[in-house]
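J.: this is a predicted model, with the sequence first.
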Amino acid sequence: MDCKKKIGLMGGTFNPIHIAHLILAENAYREFDLDEVIFLPNHIPPHKRFAHIAPDEDRLAMVRLATAGIPYFSVSDMEMTREGYSYSSDTLLELRSKNPDCEYYFIMGGDSIEQFETWHRPDIILANCIVLAAAREEDGSKKMDRHIAILTEKYHAADIRKLLVPRLDLSSSEIRQRVHQGKSVRFMVPQDVLDYMTEKDLYQKDE
């Protein structure tokens, strides 16, 4: 990886990856003039340790299928190959040690800002990246503004910016539920991901 790049980081369970993830990454790439966006599927996400999670190899394969052919999207398995829980703070420290001149933009959903201080070492995260928090384009986001102001006041190194995205109420849990109920999820996930889920019979069982 060349130095002095602007790198977006898109972490998550991706269980499964869906179009809202891709739209969020695309908007970050365009709005903040990033050089690339790296998708980082978790191994053991600390906030979802009791959820039904598809095997690492399946989730990684689906992320690769979803991002294939998009030159500014890439996929890293660094969190999956690390033992224990997947902490964003550890990932950022590792990336910064390898590429100290790169500028990292951590992309997250707007709801994550409200729970951000429950994350592992939020101070490390804020000291090593610019946080892009998704905000719906039609929403005034006053609640988000308050949370950003609180974090910025408490963590002086914080650089948190709103990322405007279209309203799209879609979640991985909803997709898993629909698959289990035998309902269609076409157009909610990329076709290659849907084909993979069907071939592997993913999410057919109860969570």
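T.: Alright, I've got the coordinates.
J.: from here on, just use CA atoms for contacts and neighbour counts.
T.: Fine.
J.: from the middle of its chain, how far away would the least confident helix or strand in the chain by mean pLDDT be?
T.: Ranked by mean pLDDT, DSSP states H and E, the helix or strand of the chain with the weakest confidence is helix 110-114, at a mean of 85. Relative to its chain's centre, helix 110-114 lies at 12 Å (Cα atoms, centre = their mean, to the nearest Å).
J.: buried residues in it?
T.: Burial within helix 110-114, assessed by neighbour count using 16 or more other Cα atoms under 10 Å, is assigned to 110, 113.
J.: tell me which strands and helices that helix is in contact with?
T.: Where contact means 3 or more Cα pairs under 8 Å, 6 or more residues apart in numbering; DSSP states H and E, helix 110-114 is packed against strand 130-136, helix 142-154.
J.: which of those sits most buried?
T.: strand 130-136 (a mean of 21; mean count of other Cα atoms under 10 Å).
J.: helices or strands up against the helix or strand containing Tyr29?
T.: Per DSSP states H and E: Tyr29 is located in helix 19-31. Here helix 19-31 touches strand 6-12, strand 36-41, strand 160-165, going by 3+ Cα pairs under 8 Å, 6+ apart.
J.: let's have those strands in JSON lines, adding mean neighbour count, distance to Ile113 and mean pLDDT.
T.: What follows is these, written out as JSON lines (neighbours: other Cα atoms under 10 Å; distance: least, Cα to Cα, whole Å; pLDDT from 0 to 100):
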{"stretch": "strand 6-12", "mean neighbour count": "23", "distance to Ile113": "14", "mean pLDDT": "97"}
{"stretch": "strand 36-41", "mean neighbour count": "22", "distance to Ile113": "19", "mean pLDDT": "98"}
{"stretch": "strand 160-165", "mean neighbour count": "20", "distance to Ile113": "9", "mean pLDDT": "92"}
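J.: which stretch among those strands comes nearest Thr198?
T.: Across these, Thr198 has its closest neighbour in strand 36-41 (20.4 Å, Cα to Cα).
J.: who are the packing partners of that closest one?
T.: Under the contact definition 3+ Cα pairs under 8 Å, 6+ apart, strand 36-41 sits against strand 6-12, helix 19-31, helix 56-67, strand 73-75.
J.: hmm, 6 Å instead?
T.: If contacts are counted by 3 or more Cα pairs under 6 Å, 6 or more residues apart in numbering; DSSP states H and E, strand 36-41 sits against strand 6-12, strand 73-75.
J.: and the contacts of it?
T.: Identification of contacts with strand 36-41 by Cα atoms under 6 Å, 6 or more residues apart in numbering yields 7-13, 72-76.
J.: most widely separated two among those?
T.: Thr13 and Tyr72 (20.6 Å).
J.: the two: who's more crowded?
T.: More crowded of Thr13 and Tyr72, by other Cα atoms under 10 Å: Thr13, with 20 against 16.
J.: can you tell me how far that one is from Leu95?
T.: Relative to Leu95, Thr13 is positioned 19 Å away (criterion: Cα to Cα, to the nearest Å).
J.: same thing with Asp56?
T.: Asp56 sits 21 Å away from Leu95 when distances are taken as Cα to Cα.
J.: what do you get for Gly8?
T.: Separation of Gly8 from Leu95 (Cα to Cα) stands at 12 Å.
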